[in-house]
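J.: coords below, sequence missing:
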């Protein structure tokens, strides 16, 4: 399909702008002017609509079909929340308005959304306070590491290391490193798929600033040794951090705050159903226990005695600004509306059905694919295509063959500690019929890997393009369009 | 209830497959000692009830004020075609394009967006976007530091104070020194700036137009910096780039900015769009996703995420940045916006902003007791001085239906009587006239 620039026709325009109604014309002195107009494309509104409609048809979303991308919680995104975020009272609201009069009297509705979402997230996770400012999951991790650093600095603790399980998401070590810490990986116990507590014990020392833990972990296994782990970590005044990437497994079943986690981030775009947008925007609010509250970023939303809401900036120990304003507000708004609609029972049912769906897939597929850790899983199950790989069908081939059968593939080659990993997260919103169809496709692929492995290596053949040459992309570095000579 | 499809009958069948007698059994790994101590969440509501509740909250916000506030975040016109296209669920319900065969729509759109940004800024390459303009500026500093291995950043006084605060927070636990140089007559103070440069300086951070709306030609600063091995980072305002000298024209190394003005609603602070453009030689230091064009195994052109060896999911603690997500949907909005406006439309929009701001200046200057700061040229935002506290004055203007501007005393000591006023193409002659009259009336009180 043509690049939009190739469709450009000189002097076409897709928007009619208002005529200038003021009697003066502004001018910029020559030395400050750009010498040529930016070479943007020139198209009519219809051209633009058709171009992007055509592009959208080359995309696959949750609304297209099953999207079991492990660790990404690709659940259905309700439509009503989109409508609410577009309400003029929110969409047109300037973020600097609260600074014009008495800390927010002009934005009471928006501040109420922030305050109430912070409260309800605190209750869901068992934390004492939340900030909505982090703009993505990785940003939440970084914020939490900054809070932990501020805590240690305040206490005069000399800390330099963060411990992270070897199966963790790549953002964990990277966020800890960017907050100024060196990273030490903690091994996973191969027998039960959970953190090796003995290894942890030997690694924790006075230099340990924090342990970052995802529970259930990326193998979909719930770690029930939390109290033991927390004791080991807290003994040296290190902080226990909960990566909420997999919170969809435990709503109403487990609260990180009840089991001694000091800080947590949640991904609103996973657990609380806000759309992923093709890679953002998300939101990664951070929750903390009381001892970390003084360090939370500013501003913070407070409720006054008269019931009104205000923004407060006066926290001397705060880590300061980590976002220009109050986080990705409209994402937060959608999550708040989703939580209100589901309520207590609905949230609990989310996790119950997410876990049921994942176990159903695990049991339906366990005879056909290797299972690195066969036990009850939580919201996702990890299989391995090692058996198939011996016949020349690797995890990537399984993924591409699924595409030809109408499904988005699971996450492949992650967690890194599982060979030929296929990480499958069905989420609660998928029906048994959908799961059954997926199972049939997976079984067919397993069978073909025995009888006709080569046919799978050709997939996908039903998509606009087939397997792309990534090495060529990195070498050629064609990152912007240039008109052919 | 909720969005769950399976009936109780189906759940029973599925449990049987799992060899479990109940759903509770699947949660046996969570011992009683770890069960929630409380889960005090209100009961669920219908869609209708939630909508009513949230609509009531929306109506408590003063979104109806005629807007003259900017401060880096502007009330520009958003064509309806953007929302129509953004509502295509193939775009908004997709994940990061890890499976390129199923994501050519998102990937091509990002490639085209990268082209837009590169052309707008006159730079060679762009990434797929970052969270916001402030994060982009911080990431640019990290890029500079890892490029020339120095650890001192000199910041011009014209940089958005919100971004400055973000930079200080992000780096508080790292060994990076900051030096801030205040502006002179609204523009970068060359003398002081040059004096502050040394062999430890990694980068100079500039903004054009700066926070006070003042435009500048930073060519001389770039020349001086480059002679000392110092990189130049410039934060900019994409609508202004329709008229003003571009980062590329003056030789800036990394251009960043807030893309909210490109068809993204103000939405009380987010989600927004951080853009970043640079030159080919720095591309491997750039954070975030990057899309590249390549061929498939049948020789057809297609797009993939590329240069992933920089990123956290491959490099873990050695990655150039921890950023995983981009703001894909916001970048798509910006790309659609620029495609609709096109070459002429962007210039016209910038010119309209400039004309209307020029007119607003003229009207405001006529008000007794008010002065417009005019020592340097401005784009669509300018500073005025008032005979009273600007915050108090802004409060008086709210009662007259105007968000009059941003009181500078909030971030600058000694500037309590100064107000930063922004005028976009949406403001009519009529509104500007009323604004000036209301100001006059408020000052007579």
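T.: Sure thing, it's come through. Please read all numbers here as calculations on a predicted model, not as lab measurements.
J.: need the contact list for the residue of the stretch 251-400 of chain B found nearest chain A.
T.: Nearest residue of the stretch 251-400 of chain B to chain A: residue B:269, at 2.8 Å (Cβ to the nearest Cβ). Glycine gets a C-beta too; all of them are placed from N, C-alpha and C. Taking Cβ atoms under 8 Å, 6 or more residues apart in numbering or on different chains, we find residue B:269 in contact with A:95, A:323, A:324, A:325, A:326, A:327, A:329, B:73.
J.: nearest to residue A:350, of those?
T.: Relative to residue A:350, the closest of the contacts of residue B:269 is residue A:327; by Cβ to Cβ it sits at 22.7 Å.
J.: Not including adjacent chain positions, what is the nearest residue to the residue of the stretch 251-400 of chain B closest to chain A?
T.: In this structure, residue B:269 finds its nearest non-sequential neighbour in residue A:325, 2.8 Å apart by Cβ to Cβ, 6 or more residues apart in numbering or on different chains.
J.: Would you check that my belief about that neighbour contacting residue B:270 is correct?
T.: Yes: at 6.5 Å, residue A:325 counts as touching residue B:270 under the criterion of Cβ atoms under 8 Å.
J.: Which of these two has more residues huddled nearby?
T.: Neighbour tally, residue A:325 and residue B:270, criterion other Cβ atoms under 10 Å in any protein chain shown: the higher count belongs to residue B:270, 31 against 24.
J.: My read is that that one contacts residue A:328, right?
T.: Yes: if you go by Cβ under 8 Å, residue B:270 and residue A:328 touch, sitting 4.1 Å apart.
J.: picking that back up, phi, psi of the residue of the stretch 251-400 of chain B closest to chain A?
T.: Per-residue torsions, residue B:269: phi 110, psi 0 (degrees, to the nearest 10).
J.: And residue B:233, by the same measure?
T.: phi -110, psi 130.
J.: before we move on, what about residue A:182?
T.: Backbone torsions for residue A:182, taken as degrees, to the nearest 10, come to phi -90, psi 150.
J.: what's across from the residue nearest to it when sequence neighbours are not counted in the sheet?
T.: Ranked by Cβ to Cβ, 6+ apart and with sequence neighbours excluded, the top spatial neighbour of residue A:182 is residue A:161, at 5.4 Å. Assessed by DSSP bridges, residue A:161 has beta-bridge partners residue A:182, residue A:208.
J.: in the chain, which helix or strand is least confident?
T.: All of this refers to chain A. One helix or strand of chain A scores below all others by mean pLDDT, DSSP states H and E: helix A:171-178, with a mean of 92.
J.: wait, chain B
T.: helix B:312-315 (a mean of 72).
J.: For the helix or strand following that one, name the packing helices and strands.
T.: Next along the chain after helix B:312-315, taking DSSP states H and E as the criterion, comes helix B:328-365. When contacts are defined as 3 or more Cβ pairs under 8 Å, 6 or more residues apart in numbering or on different chains; DSSP states H and E, helix B:328-365 packs onto helix A:45-56, helix B:80-86, helix B:89-92, helix B:104-121, strand B:371-372, strand B:381-385, strand B:418-422, helix B:429-444.
J.: Show me which parts of the second one are buried, residue by residue.
T.: What it means is helix B:80-86. Using 16 or more other Cβ atoms under 10 Å in any protein chain shown as the test for burial, helix B:80-86 gives B:81, B:82, B:83, B:85, B:86.
J.: which among the residues you listed are in contact with chain A?
T.: With Cβ under 8 Å from any Cβ of the partner chain as the criterion, the buried residues of helix B:80-86 include B:81, B:83, B:85 near chain A.
J.: Let me know the closest of the residues you listed to residue B:439.
T.: For those, the nearest to residue B:439 is residue B:83 (34.2 Å; Cβ to Cβ).
J.: And the pLDDT for residue A:220?
T.: Residue A:220 is assigned a predicted lDDT (pLDDT) of 88.
J.: I'd like to know how many residues surround it.
T.: Residues lying near residue A:220 (other Cβ under 10 Å) number 28.
J.: Could you verify that it is part of a strand?
T.: No: using DSSP: H, G, I helix; E, B strand; the rest coil, the secondary structure at residue A:220 is coil, not a strand.
J.: ok, now which ones touch it?
T.: Listed by Cβ under 8 Å, 6+ apart, the contact set of residue A:220 reads A:70, A:246, A:249, A:358, A:377, A:378, A:379, A:380, A:381, A:382, A:423.
J.: Off-centre distance for stretch B:285-294?
T.: When distances are taken as Cα atoms, centre = their mean, to the nearest Å, stretch B:285-294 is centred 19 Å away from the chain's centroid.
J.: in the stretch 151-300 of chain B, which ranges drop under the pLDDT threshold?
T.: Residue ranges of the stretch 151-300 of chain B with pLDDT under 70: none are present.
J.: hey, where'd the helices end up in it?
T.: B:161-171, B:190-196, B:219-227, B:247-250 (DSSP state H, counting those that start in this stretch).
J.: Output the below-cut-off pLDDT ranges for the stretch 101-250 of chain A.
T.: Filtered on pLDDT under 70, the stretch 101-250 of chain A yields the residue ranges A:103.
J.: As a check, name the ranges of all helices in it.
T.: A:108-125, A:137-155, A:171-178, A:197-203, A:226-235.
J.: Among the ones you listed, which comes closest to residue B:49?
T.: helix A:108-125 (15.2 Å).
J.: tell me what the closest one is packed against?
T.: Judged by 3+ Cβ pairs under 8 Å, 6+ apart, the packing partners of helix A:108-125 are helix A:88-91, strand A:129-131, strand A:263-266, strand A:286-288, strand A:300-303, strand A:309-312, helix A:329-365, helix B:47-59.
J.: sorry, back to before: okay, the helices and strands packed on helix B:328-365, which one's buried deepest?
T.: helix B:104-121 (a mean of 28; mean count of other Cβ atoms under 10 Å in any protein chain shown).
J.: Do that helix and chain A come into contact?
T.: Yes: contact of helix B:104-121 with chain A (Cβ under 8 Å from any Cβ) involves B:104-106, B:108-109, B:111-112, B:114-116, B:118-120.
J.: out of those, what pair is the most spread apart?
T.: Using Cβ to Cβ, the residues of helix B:104-121 next to chain A span at most 24.0 Å, a distance reached by B:104 and B:120.
J.: Tell me which residues of stretch A:73-81 come out buried.
T.: Those would be A:73, A:74, A:75, A:76, A:77, A:78, A:80, A:81, for stretch A:73-81 by 16+ other Cβ under 10 Å.
J.: Checking the residue nearest to residue B:269 next. Helix, strand or coil?
T.: coil.
J.: Residue B:398 touches residue A:107, doesn't it?
T.: No: at 11.8 Å, residue B:398 and residue A:107 do not qualify as touching, with contact defined as Cβ under 8 Å.
J.: Between those two, which is the more surrounded one?
T.: residue A:107 (29 against 17).
J.: what's across from that one in the sheet?
T.: Going by DSSP bridges, residue A:107 forms beta bridges with residue B:61.
J.: Can you name the residues that contact it?
T.: Applying Cβ under 8 Å, 6+ apart, the residues contacting residue A:107 are A:93, A:97, A:98, B:61, B:62, B:268.
J.: Repeat the analysis, applying 10 Å as the threshold.
T.: A:89-90, A:93-95, A:97-98, A:100-101, A:113-114, A:309-311, A:326, B:60-63, B:268 (Cβ atoms under 10 Å, 6 or more residues apart in numbering or on different chains).
J.: likewise residue B:416?
T.: For residue B:416, the contact set (Cβ under 10 Å, 6+ apart) comprises B:386, B:388, B:389, B:390, B:391, B:392, B:407, B:408, B:409, B:410.
J.: hmm, 6 Å instead?
T.: Taking Cβ atoms under 6 Å, 6 or more residues apart in numbering or on different chains, we find residue B:416 in contact with B:389, B:409.
J.: Is it in a helix, a strand, or coil?
T.: Residue B:416 - assigned by three-state DSSP - is coil.
J.: Give me the pLDDT value at it.
T.: For residue B:416, the pLDDT comes out at 96.
J.: Please apply the same query to residue A:434.
T.: We have a pLDDT of 98 for residue A:434.
J.: got the contact list for it?
T.: By Cβ under 6 Å, 6+ apart, residue A:434 lies in contact with residue A:66.
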